[in-house]
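> Sequence and predicted structure are below.
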Amino acid sequence: MIQTFQNIFKVPDLKKKLAFTLFALAVYRLGAHLPLPGINAQALGLLIQQLKDQGSIFGMYDIFVGGALSRAAILFLGVMPYISSSIIFQLLGSVFPQIEKLQRDQAGRRKITQYTRYLTVGLAMFQAFAIASYLETQQFSTAAGVMQIVYQPGLAFRLTAVLTLTCGAIFAMWLGEQITEKGIGNGISFLIFVGCLEEYPVYFIQTVQRVMVQGMSIVNLVLMIIIMIGIVAAVIVMTQAQRRIPVQYPKRIIGRKMYGGQSTFLPLRVNTAGVIPIIFAQSLVMFPSTAGSFIPALKGILETFRPGFWGYDILFFSLIVFFTYFYTSIVFNPVEMADNMKRYGGFIPGIRPGARTANYIDDILSKITLPGALFLAFIALVPWYLINFINVPFYFGGTTLLIIVGVALDTLQQIESQLMMYHYEGFMKRGKIRGRR
């Protein structure tokens, strides 16, 4: 493993990509700390922390943007408008045949990307205006008095906020695309990955303080570390887990050469939906508490829709299972897969090509999606039980852990593939030089 990391800096192209990625991340983190004009960042931070404690959706949003929300930074919105636009077009593809047709070829996907950018700008403007209008009406009460979130409310502040936050969202989208093109890994995912990592140094300090000051027992500390290692290992296993269906391609003679006749497999991931089901489910179960924090008459709902209550846990669990099957059915089409196999002469041994192959794939996918859905529900609920029963001083698990592990594995796989490609090209170059001699 150490030798592999050392090899990264021996490859000029890979070293250049790594340097560009680190530079882009540094720029993004700088933007997450530059304050938005006209905002009392201290008062907003206290307000967001209060909403987090009430189980509001703003807590989850603040994690995805790396704390830019609580700091009132210019990258307040981050890449979330772009993520929302991508999900919207992905869902629309399952409803409108025209969009689904565009998603099948390269030229159509470029058009979808262009439309996604336009929708990102529209969503960013709408969200920025809604946030600016809401913050103008908010204030935070302290022992020293009442603190206004916005220093000078009015049209000038709203226009400034909309322009700044929209440009920040566009810049974050552009920066993510540049990382994808010139750096390492998926840029948009990488920006969210860095935002999720931001809280972990704070978590480490909180744990040390709990041990040193508040007298957390060594037994609980060791138990907490063992459970965390086990959870991370389980997430890695489930992220990589797949069911491989054997596929056979017949031999074909083209001209004087024979092609095909090979055996391969169709990989079906256990967790095809990724973190999307948890995000959808959290958005729904957090909506009542979020609405209750804005409307005083609904504050009684906060006690019902909070983690730890059996009604909340059952509803959250059921929604995750439902959205796992729902999103899997959208991103994976067994009929299209069976048609593609039939078009190129591929078949599953013992299964007739066409409709029976599609039914066979759909049946297997439905079976392996169930353990994936149950695992997602477990990962989403386990942080609250760790806090309540083992006194873990921070939130560990859920969406953030799935994103961190998934992006880290994907990035390591891309680095490894590029290292292998470089060694293959380098070997061929040395062979040519040796032949000339």
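Perfect, I can see it now. Residues are numbered from 1 along each chain as shown.
> nearest residue to Thr116 other than its sequence neighbours?
With CB to CB, 6 or more residues apart in numbering as the criterion, Thr116 has its nearest non-adjacent residue at 4.7 Å, and that residue is Ser85. To be clear about C-beta, it is placed using only N, CA and C from the backbone, and glycine gets the same treatment.
> now stretch 166-184: mean pLDDT?
Averaging pLDDT along stretch 166-184 yields 91.
> what's the answer for stretch 366-382, then?
Averaging pLDDT along stretch 366-382 gives 90.
> Please enumerate residues in contact with it?
Stretch 366-382 has contacts (CB atoms under 8 Å, 6 or more residues apart in numbering) with 231, 234-235, 238, 241, 243, 268-273, 275, 277-278, 281-282, 307, 313, 316-317, 320-321, 324-325, 328, 397-399, 401-402.
> Let me see the domain layout of this structure.
Listed domain ranges for the chain are 1-198, 212-396 (source: automatic domain parsing).
> Distance to Glu416 and mean neighbour count for those domains - can I get that in JSON lines?
Output for those, formatted as JSON lines (distance: least, CB to CB, whole Å; neighbours: other CB atoms under 10 Å):
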{"stretch": "domain 1-198", "distance to Glu416": "7", "mean neighbour count": "17"}
{"stretch": "domain 212-396", "distance to Glu416": "14", "mean neighbour count": "16"}
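> Distance of Val235 relative to Ile351?
33 Å (CB to CB, to the nearest Å).
> same question but for Tyr134, I mixed them up
56 Å.
> ok, now Phe76?
The spacing between Phe76 and Ile351, counted by CB to CB, is 52 Å.
> what does Leu412 give?
According to CB to CB, Leu412 and Ile351 sit 35 Å apart.
> again, but for Phe89
33 Å.
> Then Gln414?
With distances taken as CB to CB, Gln414 is found 34 Å from Ile351.
> in the stretch 51-200 of the chain, which ranges drop under the pLDDT threshold?
Counting by pLDDT under 70, the stretch 51-200 of the chain shows low-confidence ranges at 51-57, 59-60, 140-145.
> ok, 80 please
Confidence mapping of the stretch 51-200 of the chain against pLDDT under 80 gives the ranges 51-67, 69-70, 94-95, 100, 103-105, 138-147, 199.
> So which residues of it form helices?
For the stretch 51-200 of the chain, applying DSSP state H, counting those that start in this stretch gives helices covering 57-64, 80-93, 97-102, 106-136, 155-182, 187-197, 200-212.
> by contact count, what packs against the second one?
Same thing as helix 80-93. Judged by 3 or more CB pairs under 8 Å, 6 or more residues apart in numbering; DSSP states H and E, helix 80-93 is in contact with helix 97-102, helix 106-136, helix 155-182, helix 187-197, helix 310-331.
> quick one: pLDDT of Leu298?
As predicted, Leu298 sits at a pLDDT of 56.
> do the same with the one 3 residues further on
Here the pLDDT value assigned to Ile301 is 56.
> now Thr207
78.
> Run a quick neighbour tally on it.
For Thr207, the neighbour count with other CB atoms under 10 Å is 17.
> Assess the claim that it and Phe394 are in contact.
Yes: at 7.2 Å, Thr207 and Phe394 qualify as touching, with contact defined as CB atoms under 8 Å.
> quick one, what contacts Gln240?
By CB under 8 Å, 6+ apart, the contact set of Gln240 is Leu409.
> Would you quantify the distance from it to Asp410?
11 Å.
> okay, and the common contacts of those two?
Between them, Gln240 and Asp410 share no contacting residue under CB under 8 Å, 6+ apart.
> what's the distance between Ala380 and Val27?
Distance, Ala380 to Val27, by CB to CB: 32 Å.
> Poorly predicted segments of the stretch 201-350 of the chain, please.
202-203, 206-221, 249-263, 282-312, 344-345.
> So which residues of it form strands?
For the stretch 201-350 of the chain, the strands defined by DSSP state E, counting those that start in this stretch occupy 242-248, 251-254, 257-260, 263-269.
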